[in-house]
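Novice: with the sequence up front, the predicted model follows.
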Amino acid sequence: MTFNVLAVDDRENIRAFIHDALTSSGLDVDVASDGQEALKLLGKHPYHLMITDLKMPKMDGMALLKESQKRYPHMPIIVLTAHGTIQNAVEAMKLGAVDYLTKPLESPAALRDVVRSHLPRMGIAQIPSDGPDMIATDKAMTPVLNMLDKVAPTDATVLLTGQSGTGKEVAAARIHQQSNRKNQPFVAVNCAAILGTLMESEMFGHEKGAFTGAHEQKQGRFEMAHLGTLFLDEVGELPMELQAKLLRVLQEQHFERVGGSSSIRVDVRIVAATNRDLPLEIDAGRFREDLYHRLSVFPIHLPPLKDRAADILPLADFFLARISQKQNRPLHLTDDARATLAAYHWPGNIRELSNAIERAAIMCSPPAITAADLSFATPPPTHNATAADGSGTSLKEMEKEAILKALAKADGHRKNAAASLGISLRSLYNKLKEYGIE
């Protein structure tokens with residue numbers, strides 16, 4: 001299985017740099033010199049990710065971004081921008097870009113790291129990792145690491161449980177990387193991020209003409225993962241009718257594409273993850289008990305970040321080092337910043353920590369990040385339901401206000417707002433419903 005990237009830049013040396021850096025990691029890379037040429041290629045071939053410069057002749061990167069978002073809304077787009085024009089990248093991210101890189105590009109490894117971090121959003125993570133292993137020094141993680149390493153060489157189905165943002169996808173990748181399937185595809189699908197009506201096609205593929213808009217045959221995630229590992233993230237969000245079909249495939253190891261009649265046999269190792277209490281979901285009639293037992297052959301629970309306090313600062317240093325490399329400027333945490341990070345309760349777990357470090361890197365006066373540069377999605381807990389200043393404002397009201405501010409800052413873009421809050425998109429939707437926010 002080859003994964004395709006489109007690189008768009010009017011400078012030949014930049015196109016060559018991206019092409020060589022990514023093809024050496026096993027990706028198939030096409031190049032275009034402007035937005036018009038890129039749109040022609042996008043119309044002919046499916047791409048898993050696009051990297052585009054913002055300033056180009058004929059059609060610039062911003063126009064290309066807008067048009068690509070309309071035609072290919074699920075394709076992640078990374079933009080290139082020169083030093084001193086970061087505001088352009090910020091505008092591009094408001095329009096839907098997932099990340100940005102500053103030119104001149106620092107190194108092939110840095111480029112691969114950014115590309116690798118966004119391929120899983122399409123459900124694909126095939127590039128060999130040359131980054132660090134799981135950061136897990138706290139004693140609470142010792143039994144977790146032991147279980148991951150023991151189950152990895154087997155083909156046993158694994159169920160990872162824990163709160164959102166605790167690193168379940170990283171754990172799944174560790175299992176794959178230490179398995180006998182490590183040289184085969186690692187394919188991820190977020191069961192909460194795809195509409196229920198499209199989920200069957202995403203999982204099992206479809207034939208040309210199977211439904212309106214099915215202009216060509218499409219492989220599903222099971223086919224993509226043949227001989228490798230399929231990671232079913234947020235499996236507790238699957239609708240009941242699809243749970244039955246998934247159970248059948250897990251039992252029989254074959255399926256038919258939507259609109260097809262030919263049986264397709266696959267050899268796939270399953271790793272699933274959920275932040276839900278599946279036994280409670282079973283009692284409530286929202287999850288099949290037989291599917292739960294099929295998935296939970298080897299259950300592993302990942303503790304929340306607040307219960308692995310010794311990992312907070314090492315993780316913060318890792319995220320900061322990555323940002324420093326990305327922005328090509330040295331950054332460090334002052335003692336008061338480190339104390340603030342260690343004292344915070346991290347309701348959004350590792351994802352919230354990563355977002356907090358990135359925000360602080362933007363707000364700070366380099367090279368020092370101080371406590372004043374840090375902002376958090378939710379206030380620290382108090383001993384009662386009111387704010388610590390005695391204002392009478394409840395924590396729920398403060399949480400609602402934080403959500404409204406995040407939505408306003410993201411111009412109503414819920415995906416970006418959820419990222420800035422350090423919570424999953426599903427969690428944000430639940431909060432919007434809870435607080436009656438339209």
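Specialist: Here it is on my side, so go on.
Novice: how does this protein divide into domains?
Specialist: Here the domain parsing of the chain from automatic domain parsing is 4-108, 139-303, 307-435.
Novice: residue ranges with poor pLDDT in the stretch 1-150 of the chain?
Specialist: Residue ranges of the stretch 1-150 of the chain with pLDDT under 70: 1-3, 83-85, 120-133.
Novice: the helices in the stretch 251-400 of the chain, which residues?
Specialist: Along the stretch 251-400 of the chain, the segments classed as helices by DSSP state H, counting those that start in this stretch run 278-283, 289-295, 312-327, 335-343, 349-363, 395-409.
Novice: single out the most deeply packed of those.
Specialist: Highest mean neighbour count among those (mean count of other C-beta atoms under 10 Å): helix 349-363, with a mean of 21. To be clear about C-beta, it is placed using only N, CA and C from the backbone, and glycine gets the same treatment.
Novice: the helix or strand containing N13 packs against which elements?
Specialist: Counting by DSSP states H and E, the element that carries N13 is helix 12-23. Judged by 3 or more C-beta pairs under 8 Å, 6 or more residues apart in numbering; DSSP states H and E, helix 12-23 is in contact with strand 4-8, strand 28-32, helix 108-118.
Novice: residue ranges of the helices in the stretch 101-250 of the chain, please?
Specialist: Remark: helices assigned in the stretch 101-250 of the chain by DSSP H, counting those that start in this stretch are 108-118, 142-151, 168-177, 196-204, 221-224, 240-252.
Novice: now the third one, how far from the chain's geometric center?
Specialist: Mean-position distance between helix 168-177 and its chain equals 13 Å (C-alpha atoms, centre = their mean, to the nearest Å).
Novice: identify the residues contacting it?
Specialist: Residues external to helix 168-177 that are found in contact with it (C-beta atoms under 8 Å, 6 or more residues apart in numbering): 120, 125, 129, 133-134, 144, 148, 151-152, 158, 160, 162, 182, 186, 188, 228-229, 231, 233, 269, 271, 273, 300, 302.
Novice: and it, C-alpha only, in PDB?
Specialist: Extracted in PDB, the C-alpha atoms of helix 168-177 (Å, rounded to 0.1, in the frame of the first residue of the first chain):
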ATOM      1  CA  LYS A 168      -4.000   5.600  23.200                       C
ATOM      2  CA  GLU A 169      -3.000   6.100  19.500                       C
ATOM      3  CA  VAL A 170       0.700   6.300  20.600                       C
ATOM      4  CA  ALA A 171       0.200   3.100  22.500                       C
ATOM      5  CA  ALA A 172      -1.400   1.400  19.500                       C
ATOM      6  CA  ALA A 173       1.500   2.500  17.300                       C
ATOM      7  CA  ARG A 174       4.000   1.100  19.900                       C
ATOM      8  CA  ILE A 175       2.100  -2.300  19.700                       C
ATOM      9  CA  HIS A 176       2.400  -2.200  15.900                       C
ATOM     10  CA  GLN A 177       6.100  -1.100  15.800                       C
END
